[in-house]
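Undergrad: return atomic coordinates for the entry below.
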Amino acid sequence: MHRGVTIVELLVAIAVVTIVAGAGMGVSIAAGRRKTAENTAAAIKAQLFQARAYALEGKILQCTTADKLISWDVSFTASSMTLSEHCKPSGLHSTKTTVLPSSVTINPLPSVNPIAFTLLTGAPFLAAASQVTVTVTSPASANIVLTVSDQGLIQ
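TA: Below is the predicted model:
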């Protein structure tokens, strides 16, 4: 009597392994995209905290002696964010621009853009709004919403 596997048994085993591996890849890709969105939200939050901290301490990097520091701003496009020093009369001086990963966008853009943290108070100038939201979107994960209150609290 011969022992071994038939071609049909071998094909069935290969098919089962392929299906299991394919399902695992899909889960892995979704988890990677979700993690990318979470990391992007953390980077945005860190940039907002940095702008607030610079405003609280009155940090001057590029304003000249003829300028007056007004605020530290974080501005957004769908695919990037920029930290800027706002001086008067010379205007905005970009200090750091971060391009977002291609799978992540900021959509919709914040209603107040840029978010300007005023000098020595750290509170953002939001006009009539009590808070502003920054929404990070990614195809494979739920939206991540960050809020900045009129008192400068970032959540």
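
Undergrad: where along this protein do the strands fall?
TA: Along the chain, the stretches classed as strands by DSSP state E are 68-76, 80-88, 91-99, 105-106, 115-118, 131-138, 141-149.

Undergrad: for Leu120, what are its contacts?
TA: Ala55, Leu56, Gly58 (Cβ atoms under 8 Å, 6 or more residues apart in numbering). Every residue, glycine included, has its C-beta placed from N, CA and C.

Undergrad: let's see 7 Å
TA: By Cβ atoms under 7 Å, 6 or more residues apart in numbering, the residues touching Leu120 are Leu56, Gly58.

Undergrad: what of the one 10 residues further on?
TA: By Cβ under 7 Å, 6+ apart, Ser130 lies in contact with Ser149, Asp150.

Undergrad: that one and Leu61, how far apart?
TA: If you measure Ser130 against Leu61 using Cβ to Cβ, to the nearest Å, the figure is 30 Å.

Undergrad: now Thr105
TA: With the distance defined as Cβ to Cβ, Thr105 ends up 29 Å from Leu61.

Undergrad: more neighbours: which of those two?
TA: Regarding Thr105 and Leu61, a neighbour count based on other Cβ atoms under 10 Å identifies Thr105 as having more, with 19 against 11.

Undergrad: can you tell me how far the closest residue to the more buried one other than its chain neighbours is from Ile115?
TA: The spatial neighbour of Thr105 that comes closest, neighbours along the chain excluded (Cβ to Cβ, 6 or more residues apart in numbering), is Ala78 at 4.8 Å. Here the distance between Ala78 and Ile115 works out to 16 Å (Cβ to Cβ).

Undergrad: looking at these two, which is more packed in?
TA: Set Ala78 next to Ile115 and count neighbours by other Cβ under 10 Å: Ile115 wins out with 26 against 12.
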